[in-house]
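>>> Below are the sequence and a predicted model; questions follow.
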Protein chains: 2
Amino acid sequence: MTEYLDHPAADDIALPAVLTALGDETRLAIIAILARNGEKAMTCGQFLQLGSKTAISYHVAKLREAGVIHVRPDGTRRLLTLRRDDLDRRFPGFLDSVVTSATAMQMPEALDFARTAETAGGM
Amino acid sequence: MTEYLDHPAADDIALPAVLTALGDETRLAIIAILARNGEKAMTCGQFLQLGSKTAISYHVAKLREAGVIHVRPDGTRRLLTLRRDDLDRRFPGFLDSVVTSATAMQMPEALDFARTAETAGGM
DNA sequence: CTCAATGTTCAATGAATGTTGAACAAACGC
DNA sequence: GCGTTTGTTCAACATTCATTGAACATTGAG
């Protein structure tokens, strides 16, 4: 049983909720980094550069409740993944356009961090 | 001189601001109806079905400040148009995906209204 | 000028948002 | 066991948000 946390069903993902979830710099950075990381899951700890432990926990919960990411407990960690397929099916083209634009945005710190994370992660 | 109201320059349109602006049911309905209306401008009054006069004025200002729509005074009215080209250039594919998903959404009232407006408008 | 139509501005209000720090919980390593 | 790591929960707080109603401004019609 790896389903501890509440996630909306794919069909219940609502566009306004997704837009609201992504309408925050921190959360947009999170999904941009997640997308950039491919299919590999990431942990909350890898985003501490974007804010405090509490803040990241808060934003991750928002993204999860909106249906943007999936969060799976793994020991003391949480493994975060983008819900690409669900989002693509429900809002075709949306995620790609957002991720592309968000990545193209100048977020040097976030990108530096992503590079650091993938190097240091050693995964 | 038809430029009375403040609009962000195309290059200053920010993704988080746009996402936040669209992350509201009323504003999402406004742009869905605008998009459905083609290139034709619409007035605030045509959205009164979505809320009070004051509320529409508020939401229209939000959309304008975020760079999503252009507002041009015309007598006592305001003519609203989507900033399609600017948005497409800045966030390729984004507007279309949002409009498509928002239109596909079940917003029967809004669509009924749009139909009423275009029939009654007599334009 | 007078009146009606279309929107804006203002103050007030209640709700939601995002942040912080302290305390807590759960899993892992020794 | 004990301590460390990882993340959550809680209360508090300041800020922003969305709505309302009243008043106002501007344009157009007569």
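Good, I have the coordinates. Computed from a prediction, not measured in an experiment: that's the story for all the values here.
>>> CA only for contacts and neighbour counts going forward, please
Will do.
>>> any idea how far the host helix or strand of residue A:61 is from the chain center?
If you go by DSSP states H and E, residue A:61 is part of helix A:53-66. Helix A:53-66 sits 9 Å away from the centroid of its parent chain (CA atoms, centre = their mean, to the nearest Å).
>>> and stretch A:87-105, what's its mean pLDDT?
Averaging the model's pLDDT scores along stretch A:87-105 yields 96.
>>> Is there contact, residue-wise, from it to chain B?
Yes - counting by CA under 8 Å from any CA of the partner chain, chain B is contacted by stretch A:87-105 at A:90-94, A:97-98, A:101-102.
>>> tell me which parts of chain A are close to DNA strand C?
On the criterion CA under 7 Å from any atom of the strand, DNA strand C has as its neighbours in chain A the residues A:23-24, A:26, A:51-52, A:54-55, A:58-59, A:74-76.
>>> Please identify which pair of those lies farthest apart.
A:23 and A:75 (30.6 Å; CA to CA).
>>> who has more neighbours, these two?
Set side by side, residue A:23 and residue A:75 give different neighbour counts by other CA atoms under 10 Å in any protein chain shown, the larger being at residue A:23 (20 against 7).
>>> Look at the spatially most central residue of chain A and report its pLDDT.
Nearest to the mean C-alpha position of chain A, counting by CA atoms, centre = their mean, stands residue A:31 at 3.6 Å. On pLDDT, residue A:31 comes in at 97.
>>> State whether it and residue A:82 are indeed in contact, as I suppose.
Yes - using CA atoms under 8 Å, residue A:31 makes contact with residue A:82 at a distance of 7.1 Å.
>>> Residue A:45 belongs to a helix, doesn't it?
Yes - note on residue A:45: a helix contains this position according to DSSP: H, G, I helix; E, B strand; the rest coil.
>>> So for it, what's the nearest residue that isn't a sequence neighbour?
Distances taken as CA to CA, 6 or more residues apart in numbering or on different chains place residue A:53 nearest to residue A:45, at 7.6 Å, with adjacent residues excluded.
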